[in-house]
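Participant: okay, sequence plus prediction incoming.
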Amino acid sequence: MINFYLVGQKLTKYRKEMGLTQDEVAEKLFVTRQLVSRWEKGNGVPSIDCLLELCKLYQKTFEDILCLNDSE
């Protein structure tokens, strides 16, 4: 099962590592800043389309972003 909170933590970490603001990520993905904020707070996860774009942007796999290989 996907842990939205952990996904949000990773999205925040990767965005900050890239030196991007939520506004900049939102602009690149053609979504609102509020939606990016929701993802980062763990109140939801990106759609498949947005997830694939985030993988390209952050140069990470979707398994990594969704914490699928993380042990709990």
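Facilitator: Yes, it's here.
Participant: now do the helix or strand of the chain with the lowest mean pLDDT: which elements does it pack against?
Facilitator: Lowest by mean pLDDT, DSSP states H and E among the helices and strands of the chain is helix 62-65, with a mean of 93. Contact analysis of helix 62-65 by 3 or more CB pairs under 8 Å, 6 or more residues apart in numbering; DSSP states H and E lists helix 4-17, helix 48-58 as its packing neighbours. Every residue, glycine included, has its C-beta placed from N, CA and C.
Participant: centre of the chain versus that helix, how much separation?
Facilitator: 9 Å (CA atoms, centre = their mean, to the nearest Å).
Participant: would you tell me which of the helices and strands packed on helix 62-65 gets closest to residue 70?
Facilitator: Using CB to CB as the measure, helix 4-17 is the one of those that comes nearest residue 70, at 6.9 Å.
Participant: what is that closest one packed up against?
Facilitator: Packed against helix 4-17 by the contact rule (3+ CB pairs under 8 Å, 6+ apart) you find helix 33-41, helix 48-58, helix 62-65.
Participant: how does it look with 7 Å?
Facilitator: helix 33-41, helix 62-65 (3 or more CB pairs under 7 Å, 6 or more residues apart in numbering; DSSP states H and E).
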